[in-house]
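Participant: Please work out how this folds:
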Amino acid sequence: MPSPTTIGETFTDDEQRALAPYFTNTDRPIFALTNLPESVKGALFARYSRSAKSVRRLFLDEFLGEMAAAAPAPTAVGTERADRLYARVLSDYGDDSVAQLGGAHIACEGVSNLLTKVLEWGRLMAYLEQSTRYVPFTDRPGGRWKYHVPAELDGSPLRDLFVGTLDRAFETYARWIPSVEAHFRAKYPKSPDDSDAVYRSAIRAKALDTLRGLLPAATTSNVGLFGTGQAFEALLLRMFSHPLEEVRGCAQQMLAELRRVIPAFLARLDQPNRGGRWIEYLAHTRRDFSRTAAPYIVEAEVEPRDEVTLTDFDPDGEVKVVAAALYGVSALPDDQLIAVARQMSADDRVALLRAYVGNRTNRRHKPGRAFERTSYRFDVLTDYGAFRDLQRHRLLTLEWQPLSPRHGYIEPAAIEEVGALDDWRAAMDESAELYERLAAAGQRDIAPYSVVMAYRVRFYMEMNAREAMHVIELRTSPQGHPSYRRVCQLMHRAIAERAGHHAIAAAMQFADHSTVELERLQAERAMEEKRAIRNWEFGIKNS
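Facilitator: Model prediction:
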């Protein structure tokens, strides 16, 4: 198992004793949460997004006092008998559905951004990840910047080049944060109505959003996962078959910790005739298909495309959505309802869909499943930073191509305005040169670690209209990052104009096409107002 390249957190003896009842270990970066109320586990992971602290440190700082006053930790009554039952049902009867009835929370800390994408692949799991918007990656635990050095480079003359190149990228990122913040303060002066905290948070988020393109894909992050035993089994099978040593090593550590909390659900993983064969199948199929496909694509020139291309849709999509909406209120068969919907006028179909959607007062009010009757497939070419945000949507089909410098990079306008253009382009060039050196040395699998997030990656998103509504309305909200806002605005226009599904596009009434200068400002104002109301109500209740 590859050794970690990040500096592990240390705890005092007293802290270790306090942590021991609630975490499966206190000295490794992968661990499960135990003996905690579900709400506390969720709250701990929720803090990941905006905190540079580890989960165990957050627990000590923010939760331990309340836990000390709570009831004693639950005992393991009945677990031995339950484990035997699960093992018999899973192994003897092969009834996989019972593995959906138990789950676990596990933390993976100090893992690269390439690994976070592997961890966040499964649809039936929940994830929280450290954000590049709220957490500046300027800490240097043990004197090292926060990035992963792949074990595949141990003993290689390219290791020093890798470390030197990534060190310079982080140094450039950290050096420009104060100047970029000053630039945005000058460009967007503080309103007298805004508190210092609101203004400071909005400016910091804007600066970090602008500079995140300098961070390489090797940048480490903290991820919290919650899933059923079945979901973890599927995740670990994929990870054990992965070509990267970091991913396989993380899988081994996860399995060790999960076996301390849900052992029966993972009993088949290392059985040669079960998990072993499955892992071999996944690994061999990936390698064999890559070799078989190479002659058809290796010489092909990449044709130019826009940032977002709607590559597939159903011209009759709106007719079918109307028919699906009618299904639940009629006694007619499906194909007859399609004929009925096709005979309607366009205005009648619009009116029916408007009634089916109803009076939505916010984006969380979603229409029914009739909107799942048609779908859209988008080919997207945007920066890796935006891809990281869009990839986390799971109720759709998404696949991405290997990260490389071949598609060029983005260059935020503020980079030139603040005078950082030479440093930005130097980081881009060094990243591309390192990638090519690694690929030429036969290290194509690990070469993406070296690519900074400003470089573009190609991926597709295929989703039904109901999920498209969720993605587009969420990711075009004014507080969103400009990159993914633009992508989802283009998706919305394509549904209306290229697909001609005007009624479906109109139902996405919270898609925001406005131009926003300081993205987080309105959201920070709203959060402060909510905190003030909550504090006032708390004061009334306790007066």
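
Participant: Residue 376 in helix, strand or coil?
Facilitator: What DSSP: H, G, I helix; E, B strand; the rest coil gives for residue 376 is strand.

Participant: That one touches residue 467, doesn't it?
Facilitator: No. The criterion here is Cβ atoms under 8 Å, and residue 376 misses it with residue 467 at 9.4 Å. Backbone N, C-alpha and C define where each C-beta goes, glycine included.

Participant: okay, the two: which has more neighbours?
Facilitator: Here residue 376 and residue 467 are compared on neighbour count by other Cβ atoms under 10 Å; more neighbours surround residue 376, at 25 against 21.

Participant: ok, the more buried one - contacts?
Facilitator: Residues near residue 376 by Cβ atoms under 8 Å, 6 or more residues apart in numbering: 310, 312, 313, 462, 463, 464, 465, 468, 491, 494, 495, 499.

Participant: Go again with 10 Å.
Facilitator: Contact analysis of residue 376 by Cβ atoms under 10 Å, 6 or more residues apart in numbering lists 310-314, 317, 396, 461-465, 467-468, 491, 494-495, 498-499, 501, 504.

Participant: quick one on the thing from earlier: show me whatever sits in contact with both of residue 376 and residue 467.
Facilitator: The contact sets of residue 376 and residue 467 overlap at 396, 461 (Cβ under 10 Å, 6+ apart).

Participant: Just the buried residues from the contacts of residue 376, in ChimeraX please.
Facilitator: Filtering those down to the buried ones (16 or more other Cβ atoms under 10 Å) takes a single ChimeraX command:
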select :310,313,317,396,461,462,463,464,465,467,468,491,494,495,499,501,504
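
Participant: Which ones among the contacts of residue 376 map onto helices?
Facilitator: When DSSP state H defines the helices, the subset of the contacts of residue 376 inside them is 317, 465, 467, 468, 491, 494, 495, 504.

Participant: now, which of those sits nearest residue 130?
Facilitator: Nearest to residue 130 out of those is residue 467 (Cβ to Cβ; 25.5 Å).

Participant: where does the closest one sit relative to residue 399, distance-wise?
Facilitator: Applying Cβ to Cβ, to the nearest Å, the value for residue 467 to residue 399 is 16 Å.

Participant: cool, residue 42 as well?
Facilitator: Distance from residue 42 to residue 399, counting by Cβ to Cβ: 30 Å.

Participant: just residue 252 next, same as before
Facilitator: Relative to residue 399, residue 252 is positioned 26 Å away (Cβ to Cβ).

Participant: The two: who's more crowded?
Facilitator: Neighbours around residue 252 and residue 399, counted as other Cβ under 10 Å, are more numerous at residue 252. The numbers are 15 against 9.

Participant: Where do the helices of the stretch 1-150 of the chain begin and end?
Facilitator: Assigned by DSSP state H, counting those that start in this stretch, the stretch 1-150 of the chain shows helices spanning 13-19, 38-46, 55-58, 64-69, 79-87, 113-119.

Participant: Tell me which residues of the second one come out buried.
Facilitator: Yep, that's helix 38-46 we're talking about. Counting neighbours by 16+ other Cβ under 10 Å, one finds that the buried residues in helix 38-46 are 40, 41, 42, 44, 45.

Participant: Tell me the helices and strands packed up against that helix.
Facilitator: helix 55-58, strand 103-112, strand 125-129, strand 220-228 (3 or more Cβ pairs under 10 Å, 6 or more residues apart in numbering; DSSP states H and E).

Participant: and those, which is most packed in?
Facilitator: Comparing those by mean neighbour count (mean count of other Cβ atoms under 10 Å), strand 103-112 ranks first with a mean of 24.

Participant: which other helices and strands contact that one?
Facilitator: strand 30-32, helix 38-46, helix 55-58, helix 113-119, strand 125-129, strand 220-228, helix 229-240, helix 245-258.

Participant: want to try CSV for those, with mean pLDDT and distance to residue 210 as columns?
Facilitator: Shown next, in CSV, are the helices and strands packed on strand 103-112 (pLDDT from 0 to 100; distance: least, Cβ to Cβ, whole Å):
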stretch, mean pLDDT, distance to residue 210
strand 30-32, 95, 32
helix 38-46, 82, 26
helix 55-58, 92, 28
helix 113-119, 97, 18
strand 125-129, 92, 20
strand 220-228, 94, 19
helix 229-240, 94, 33
helix 245-258, 96, 28
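
Participant: To residue 341, which of those lies closest?
Facilitator: With Cβ to Cβ, the closest approach to residue 341 among the helices and strands packed on strand 103-112 belongs to strand 125-129: 36.9 Å.

Participant: what residue is smack in the middle of the protein?
Facilitator: Centroid-nearest residue in the chain, with Cα atoms, centre = their mean: residue 392, separated by 3.6 Å.

Participant: who's in contact with it?
Facilitator: The neighbourhood of residue 392, defined by Cβ under 10 Å, 6+ apart, consists of 116, 117, 120, 127, 128, 129, 398.

Participant: Pick the one among those residues closest to residue 228.
Facilitator: Of the contacts of residue 392, the one sitting nearest to residue 228 (Cβ to Cβ) turns out to be residue 127, at 13.9 Å.

Participant: which residues touch the residue nearest to that closest one when sequence neighbours are not counted?
Facilitator: In this structure, residue 127 finds its nearest non-sequential neighbour in residue 120, 4.9 Å apart by Cβ to Cβ, 6 or more residues apart in numbering. Contacts for residue 120 (Cβ under 10 Å, 6+ apart) come out as 126, 127, 128, 129, 223, 225, 235, 388, 391, 392, 394.
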